[in-house]
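Engineer: What follows is a protein structure lacking sequence information:
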């Protein structure tokens with residue numbers, strides 16, 4: 001895709017799953033990629049397998065000081081960040097009335113506060129240079145709701161609303177801000193849920209018009225597009241990558 005070669009990309013939650021697939025795709029497109037994760041060992045192993053100069057940095061997206069330190073390390077080693085991908089996320093599937101306050105706090109801290117922290121940490125440099133791409137991984141749960149994921153859905157919906165507003169504020173600086181909203185995706189999280197409910201995977205597959213669960217590479221392709229010059233006139237959008245499960 002146009003305009004990705006040589007750019008510096010910072011991907012959170014990149015040790016596994018969708019984040020790793022995004023890091024791998026951006027590296028294939030010629031980006032210098034920092035894999036940022038709460039599991040630095042996992043991120044280091046993923047970076048080594050991806051190669052192409054990819055690096056790993058430790059991060060806790062829920063803490064602004066940790067985010068600033070990770071961004072500073074990535075910029076020291078790779079250069080100013082051109083592309084931020086807010087991918088790190090967490091959920092616990094259960095009815096809202098069974099949620100604990102600790103569960104609320106953890107979901108909100110990672111899934112909503114995390115993107116806020118990361119955006120704040122990179123924006124000053126992007127504004128100064130007059131360019132940048134921010135892509136946040138939201139969820140179709142944030143667009144239409146999802147049983148057993150009330151707080152997660154609220155946090156992901158918040159990311160969409162935040163991104164639309166930030167897109168308006170940053171447009172004059174040539175910084176685009178978009179969301180990718182995956183549907184059910186073959187990730188370790190889904191595999192863990194399917195292990196608890198063996199019928200879940202097949203039920204989800206039957207519900208998707210394209211009759212398959214997404215692979216992380218499907219999400220990565222959408223992120224790479226929105227980060228590229230091919231999407232330079234697209235901002236403030238929430239793109240569902242769900243095989244047609246939601247059409248809104």
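Structural biologist: Right, received. Where do you want to start? The shown structure was predicted, so the numbers you read here are calculated from the model rather than taken from an experiment.

Engineer: which residues are contacting the helix ranked longest in the chain?
Structural biologist: Under DSSP state H, the helix in the chain containing the largest number of residues is helix 150-170. Counting contacts by C-beta atoms under 8 Å, 6 or more residues apart in numbering, the residues outside helix 150-170 that touch it are 86, 91, 95-96, 99, 103-104, 107-108, 111-112, 115-116, 119, 123, 126-127, 132, 134, 136, 138-139, 141-143, 145-146, 176-179, 181, 235-236, 238. C-beta: built from backbone N, CA, C; applies to glycine.

Engineer: redo that, cut-off 6 Å
Structural biologist: Under the criterion C-beta atoms under 6 Å, 6 or more residues apart in numbering, residues 91, 96, 104, 107-108, 111-112, 115, 136, 138-139, 141-142, 145-146, 177, 179, 235-236, 238 lie in contact with helix 150-170.

Engineer: And that helix, what's buried?
Structural biologist: Of the residues in helix 150-170, 150-160, 162-164, 166-167, 170 count as buried by neighbour count, 16 or more other C-beta atoms under 10 Å.

Engineer: hmm, back to that, buried ones among the contacts of helix 150-170?
Structural biologist: Restricting the contacts of helix 150-170 to buried positions leaves 91, 104, 107-108, 111-112, 115, 136, 138-139, 141-142, 146, 177, 179, 235-236, 238, with burial counted as 16+ other C-beta under 10 Å.

Engineer: Please list the members of those residues that lie in helices.
Structural biologist: When DSSP H defines the helices, the subset of those inside them is 104, 107, 115, 141-142.

Engineer: Can you tell me which of those residues is nearest residue 202?
Structural biologist: In terms of C-beta to C-beta, no member of those lies closer to residue 202 than residue 141, at 19.9 Å.

Engineer: residues touching that closest one, list them.
Structural biologist: By C-beta under 6 Å, 6+ apart, the contact set of residue 141 is 149, 153, 156.

Engineer: what pLDDT does the spatially closest residue to the first one that is not a sequence neighbour get?
Structural biologist: Meaning residue 149. In this structure, residue 149 finds its nearest non-sequential neighbour in residue 141, 5.2 Å apart by C-beta to C-beta, 6 or more residues apart in numbering. pLDDT, the model's per-residue confidence, is 94 for residue 141.

Engineer: Also the one 10 residues further on?
Structural biologist: Among the per-residue scores, residue 151 shows a pLDDT of 98.

Engineer: Next, work out how far apart it and residue 143 are.
Structural biologist: 16 Å (C-beta to C-beta, to the nearest Å).

Engineer: Residue 77 and residue 220: what is the separation?
Structural biologist: Between residue 77 and residue 220 the distance is 23 Å, computed by C-beta to C-beta.

Engineer: These two: which has the busier surroundings?
Structural biologist: Residue environment comparison for residue 77 versus residue 220 gives the larger neighbour count to residue 220, 26 against 13, counting by other C-beta atoms under 10 Å.

Engineer: I figured that one hits residue 25, correct?
Structural biologist: Yes. Contact status for residue 220 versus residue 25: in contact at 3.9 Å, counting by C-beta atoms under 6 Å.

Engineer: from the contacts of residue 141, which is closest to residue 59?
Structural biologist: Using C-beta to C-beta, the shortest approach to residue 59 within the contacts of residue 141 belongs to residue 156, at 19.7 Å.

Engineer: List the contacts of the nearest residue to the closest one once chain neighbours are set aside.
Structural biologist: Nearest residue to residue 156 in three dimensions, chain neighbours excluded: residue 142, at 3.0 Å (C-beta to C-beta, 6+ apart). With contact set as C-beta under 6 Å, 6+ apart, residue 142 has these partners: 153, 156-157, 160.
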